[in-house]
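Undergrad: Kindly return the folded structure for what I paste below:
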Amino acid sequence: MSTSTFPWLKGHGTENDFVLLPDPDGTIHGDLDAGLVRFLCDRHAGIGADGVLRVIEGSKQSYVEDGGDWFMDYRNADGSVAEMCGNGIRVFVRYLADEGLVGDKPVRVGTRAGVKEVVLNDDGTFTADMGEPALPRPSGIVVEANGHQWPALHVDMGNPHAVAFVDDLREPGWLLEQPGWSPVEAFPDGVNVEFVVRKGPNEVEMRVHERGSGETRSCGTGTCAVTVASARAARQELPVTYRVGVLGGAVTVTWRADNHLELTGPAVVHARGVFDRAWLPA
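TA: Here you go, the predicted model:
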């Protein structure tokens, strides 16, 4: 294969979709140009996706101290770097499993939010240990969309989230643009905003605007943040499990007694091809 071409795959987890770029020794894409990411994610001119997952052997990356068995170099659709992606990490391990690159043991996936362990379940779903949540600012956050304001809980899952409870998921309107928030200094690098309604005991539904990508069909770290906010609001003791409905399906999140969150859901890889850099616009 010439240096002007490179392989790609396409996959999704509850319809949160990604372009995967196999780059085991980290030499094909260098530091992964933001312009290339934006083009690949463009749904009209490119392949179309919510983000890009570059697959690098953990020992061959230079972004973090511990790259795990394999490192997930995740970029948002606008080309910006993101710390973590809960749906993306399941698709990432789905690819590794399909290619025979991992065995039956939990896979240690390096991310910019630390190493996460992911296992393939007997029913074909994947469970990712998403680590412990943090509540940097447990009160005082307000988010705004469609002319409305709501109090929100700041939950950090390695990336920042603001979770707001609403009466109807239609209230925030179109979520193509980033919702506003205050105080502004709470999220200097932007924030993922989840809007949530309760559907029953330990069951919620949500919509999300992901920073750098717009409204997506699902957000894995967002479902974990929503579980934390929901359990806290209900004053539930740990462990507790929630079914979280998203536009692209549903996942299960367990907030364990040791304060770790486990995210379980599907992941598929459904397309592959070869891209020629000559196709990029001048």
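
Undergrad: mind listing the strands for the stretch 51-200 of the chain?
TA: 51-57, 70-76, 107-111, 114-120, 126-129, 141-145, 148-156, 160-165, 180-182, 192-200 (DSSP state E, counting those that start in this stretch).

Undergrad: any chance of those in a markdown table, with distance to Y242 and mean neighbour count too?
TA: All C-beta spots, glycine's among them, are computed from the backbone N, C-alpha and C. Output for the strands of the stretch 51-200 of the chain, formatted as a markdown table (distance: least, C-beta to C-beta, whole Å; neighbours: other C-beta atoms under 10 Å):
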| stretch | distance to Y242 | mean neighbour count |
| --- | --- | --- |
| strand 51-57 | 24 | 23 |
| strand 70-76 | 24 | 25 |
| strand 107-111 | 23 | 23 |
| strand 114-120 | 19 | 20 |
| strand 126-129 | 14 | 22 |
| strand 141-145 | 21 | 19 |
| strand 148-156 | 13 | 20 |
| strand 160-165 | 12 | 25 |
| strand 180-182 | 24 | 16 |
| strand 192-200 | 10 | 21 |
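
Undergrad: and the ones you listed as TSV, adding mean pLDDT and distance to D23?
TA: Shown next, in TSV, are the strands of the stretch 51-200 of the chain (pLDDT from 0 to 100; distance: least, C-beta to C-beta, whole Å):
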stretch	mean pLDDT	distance to D23
strand 51-57	98	5
strand 70-76	97	8
strand 107-111	98	14
strand 114-120	98	19
strand 126-129	98	22
strand 141-145	98	36
strand 148-156	98	28
strand 160-165	98	27
strand 180-182	98	35
strand 192-200	97	26
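
Undergrad: Could you export these to TSV, including columns for distance to G86?
TA: Shown next, in TSV, are these (distance: least, C-beta to C-beta, whole Å):
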stretch	distance to G86
strand 51-57	12
strand 70-76	11
strand 107-111	10
strand 114-120	9
strand 126-129	6
strand 141-145	20
strand 148-156	13
strand 160-165	11
strand 180-182	21
strand 192-200	11
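
Undergrad: what's the closest of those to V208?
TA: Closest to V208 of those is strand 192-200 (C-beta to C-beta; 4.9 Å).

Undergrad: Show me what the closest one is packed against.
TA: strand 141-145, strand 160-165, strand 203-210, helix 220-233 (3 or more C-beta pairs under 8 Å, 6 or more residues apart in numbering; DSSP states H and E).

Undergrad: List the contacts of the most centrally placed residue in the chain.
TA: Nearest residue to the geometric centre of the chain (C-alpha atoms, centre = their mean): C85, 2.5 Å. Listed by C-beta atoms under 8 Å, 6 or more residues apart in numbering, the contact set of C85 reads N16, F18, G51, L53, M72, Y74, G220, T221.

Undergrad: One more: E144?
TA: E144 sits in contact with W150, P179, G180, W181, S182, where contact means C-beta under 8 Å, 6+ apart.

Undergrad: Find the residue closest to the third one in space, skipping its chain neighbours.
TA: Nearest residue to G180 in three dimensions, chain neighbours excluded: E144, at 4.1 Å (C-beta to C-beta, 6 or more residues apart in numbering).

Undergrad: what do you get for the second one?
TA: The shortest distance from P179 to any residue other than its chain neighbours is 4.1 Å, reached at A145 (C-beta to C-beta, 6+ apart).
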